[in-house]
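Colleague: Got a predicted model here, sequence first, then my questions.
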Amino acid sequence: MRRHILGIIALALLAGAVILSIWPPQSNAVETWQAVRAAFIRTGALASVIWLAYRELERLPHWLFTVIPVVGILVAARPRWAIVLVPLVLAILFLTPKKKADPRR
C-alpha cells in the first residue's frame, strides 16, 4: 500500500512540474515559480527512484534510516567529518551479522 501511495505522489509531483513548465503562472515572482518547478522535478525524481527500489529498501536494517539523515546533516555542517563518518557507517553496515531467514516464510 505504501508503495502505491509513493508512486502516486511521484506522479503528482512530476505532473506538477510539467504543468508549471507548460503553463507558467503570470505573476511578478517568476523566480519563485521556477524554484517551485525545480523542487517538484527533484522531489518527483527522488520519489520515483524510491518507488522503484522500495522492495530492496525494505530489506535494509531499520536503524539505517535514522543514521543516514543524522550523518548527512553532520556532513553538511562539517564536510571534513565525511572522511570519518561515511566509512564508519559503511563498516558498521557491512560488518554487522545478518539475521537468519525464517524457514517458515
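Modeller: All right, it came through fine. Computed from a predicted structure; not experimentally measured.
Colleague: quick one: buried residues of whichever strand or helix holds Glu31?
Modeller: Counting by DSSP states H and E, the element that carries Glu31 is helix 30-52. Using 16 or more other CB atoms under 10 Å as the test for burial, helix 30-52 gives 37, 40-41, 43-44, 47-48, 51. (C-beta placed from N, C-alpha, C; glycine too.)
Colleague: does the residue nearest to Ala82 when sequence neighbours are not counted sit in a helix or strand, and which one?
Modeller: The shortest distance from Ala82 to any non-neighbouring residue, by CB to CB, 6 or more residues apart in numbering, is to Val75 (4.5 Å). For Val75, the element it lies in under DSSP H and E is helix 64-77.
Colleague: helices or strands next to the helix or strand following that helix in the packing?
Modeller: Of the helices and strands lying after helix 64-77 in sequence (DSSP H and E), the nearest is helix 82-95. Applying 3 or more CB pairs under 8 Å, 6 or more residues apart in numbering; DSSP states H and E, one finds that helix 82-95 contacts helix 64-77.
Colleague: Name the residues of the helix it packs on that are buried.
Modeller: In helix 64-77, residues buried by neighbour count (16+ other CB under 10 Å) are 71, 75.
Colleague: Work out the gap between it and the centre of the chain.
Modeller: Relative to the chain's own centre, helix 64-77 is displaced by 13 Å; criterion: CA atoms, centre = their mean, to the nearest Å.
Colleague: same thing with stretch 54-65?
Modeller: 12 Å.
Colleague: So what touches that stretch?
Modeller: Outside stretch 54-65, the residues that touch it by CB atoms under 8 Å, 6 or more residues apart in numbering are 2-3, 6, 50, 93, 96.
Colleague: Dump the C-alpha coordinates for the helix holding Val75 into PDB.
Modeller: The C-alpha coordinates for helix 64-77 follow below in PDB (Å, rounded to 0.1, in the frame of the first residue of the first chain):
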ATOM      1  CA  LEU A  64      20.000   2.800   9.000                       C
ATOM      2  CA  PHE A  65      17.000   5.100   8.200                       C
ATOM      3  CA  THR A  66      17.800   7.200  11.300                       C
ATOM      4  CA  VAL A  67      21.600   7.100  11.000                       C
ATOM      5  CA  ILE A  68      21.800   8.200   7.400                       C
ATOM      6  CA  PRO A  69      19.900  11.500   7.900                       C
ATOM      7  CA  VAL A  70      21.900  12.300  11.000                       C
ATOM      8  CA  VAL A  71      25.200  11.600   9.200                       C
ATOM      9  CA  GLY A  72      24.000  13.700   6.200                       C
ATOM     10  CA  ILE A  73      23.300  16.600   8.500                       C
ATOM     11  CA  LEU A  74      26.600  16.300  10.200                       C
ATOM     12  CA  VAL A  75      28.500  16.100   6.900                       C
ATOM     13  CA  ALA A  76      26.600  19.100   5.500                       C
ATOM     14  CA  ALA A  77      27.500  21.100   8.600                       C
END
